[in-house]
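Chemist: test case, fold it:
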Amino acid sequence: MTVADFLMLDLPPLLAAILAGGTCGLLGSFLVLRRESLVGDALSHAVLPGIVLGFAVTGARAGLPMLAGAMLAGLLAVALIGLVQRATRLDAGATIGAVFTTFFACGLVLLEVTGARSVDLDLDCVLFGQLETLVWTEGRSAAALLDPAALASLPRQLSLLSGVALAVSLAVAAFWRPLKLICFDPAYAAALGLPGRSLELGLALMVAAAAVAAFEAVGSILVVAMLVCPAAALRLMTDRYTTQVLGGAALGAGLGAVGYLLAGPLPAAMGLTLSLNAAGVIGTLGGLLVATAALMRRAPRVRANAVA
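Modeler: Okay, the predicted model is just below:
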């Protein structure tokens, strides 16, 4: 593999996997700590109608309209979940499941009604992403990395992922302590006068933004895996808030990078003609990571019981 091949074919999807995994891993820790992992699943699916409507309004796969539509759909889903819970007194899991499946089904209908399929915004794209199709046509040499004109031609998915990753990182840094309080002691946070409801809505908006930024590149299934697996694995191994949150981001980014490299570039470098779906490999590694963390957590207890 030449440098030009790597820059054109492998660098964009590798960066997309790292950005998506890192952003979702960062936000996933807050969901896991609040025992709301299913909310991440719900939002990653509930944003689909907003994404499609953003396309319908603009007639193009433009990042900002689709992002705005997704965030609006995410807010509506959160509001509807709360409304249904109060009206029916169903448990949270049942309510979330009912709402997100309804929103996702509406999104699939809108895919057909709006003609979104004509621009390749189809079910495969939504579920599995198109990581391998991200190509940088101007990356013909290392000099392109320093050429503003060449950098401007990078796939637009990277611009959206980078912008959302930066915004999420700044928001988490700005509200580091309030987020910690609503994760561990919401009652104490309320007693201090912190706007708990606003913080929860802000967290939901960030999850929705991460989902729409990542869905086209890696797909909604992998978004769910990255929101849950790195954070869940770390929750089994640490009780420290800083390690959990920052480690979730690092672990998510690492899973994205390793998974993509194992799917295509590494087999190619070994002279093999086969390749795997990158989203599938990354998701599989996420599941194996959680299983390994669970076994590591259980091992000391088994040894202690044996000694006793």
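
Chemist: what does stretch 183-196 contact?
Modeler: Contact partners of stretch 183-196, identified using CB atoms under 8 Å, 6 or more residues apart in numbering, comprise 30, 33-34, 178, 181-182, 241. Bear in mind the C-beta positions are built from the backbone N, C-alpha and C, glycine included.

Chemist: how about that stretch: buried residues?
Modeler: Residues of stretch 183-196 classed as buried: 183, 189, 194, 196 (neighbour count, 16 or more other CB atoms under 10 Å).

Chemist: show me which pair in the residues you listed is furthest apart.
Modeler: The span of the buried residues of stretch 183-196, defined through CB to CB, is set by Cys183 and Leu194 at 11.9 Å.

Chemist: JSON lines for the buried residues of stretch 183-196, including distance to Thr2, secondary structure and pLDDT?
Modeler: Formatted as JSON lines, the buried residues of stretch 183-196 follow (distance: CB to CB, whole Å; DSSP: H, G, I helix; E, B strand; the rest coil; pLDDT from 0 to 100):
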{"residue": "Cys183", "distance to Thr2": "47", "secondary structure": "helix", "pLDDT": "90"}
{"residue": "Ala189", "distance to Thr2": "54", "secondary structure": "helix", "pLDDT": "87"}
{"residue": "Leu194", "distance to Thr2": "54", "secondary structure": "coil", "pLDDT": "88"}
{"residue": "Gly196", "distance to Thr2": "54", "secondary structure": "helix", "pLDDT": "84"}
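
Chemist: nearest to Gly286, of those?
Modeler: The closest of the buried residues of stretch 183-196, once distances to Gly286 are taken by CB to CB, is Cys183, at 21.7 Å.

Chemist: can you pull out the helices in the stretch 101-250 of the chain?
Modeler: Taking DSSP state H, counting those that start in this stretch to define them, one finds helices in the stretch 101-250 of the chain at 123-128, 148-151, 156-174, 176-184, 186-191, 196-235, 241-263.

Chemist: show me how far stretch 137-153 is from its chain's centre.
Modeler: Distance of stretch 137-153 from the chain centroid (CA atoms, centre = their mean, to the nearest Å) equals 27 Å.

Chemist: just the C-alphas of it, formatted as CSV.
Modeler: The C-alpha coordinates for stretch 137-153 follow below in CSV (Å, rounded to 0.1, in the frame of the first residue of the first chain):
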residue,chain,number,x,y,z
THR,A,137,-9.7,12.3,-3.9
GLU,A,138,-7.1,15.1,-3.4
GLY,A,139,-5.0,13.1,-0.9
ARG,A,140,-2.4,12.0,-3.5
SER,A,141,0.6,12.8,-1.4
ALA,A,142,1.7,13.8,2.1
ALA,A,143,1.8,17.4,0.9
ALA,A,144,-2.0,17.4,0.7
LEU,A,145,-2.1,17.3,4.5
LEU,A,146,-0.7,20.9,4.5
ASP,A,147,-2.7,22.1,1.5
PRO,A,148,-5.8,24.1,2.5
ALA,A,149,-7.5,23.5,-0.9
ALA,A,150,-6.9,19.8,-0.6
LEU,A,151,-8.1,19.7,3.0
ALA,A,152,-11.3,21.5,2.0
SER,A,153,-12.1,18.5,-0.2
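
Chemist: perfect, that will be all.
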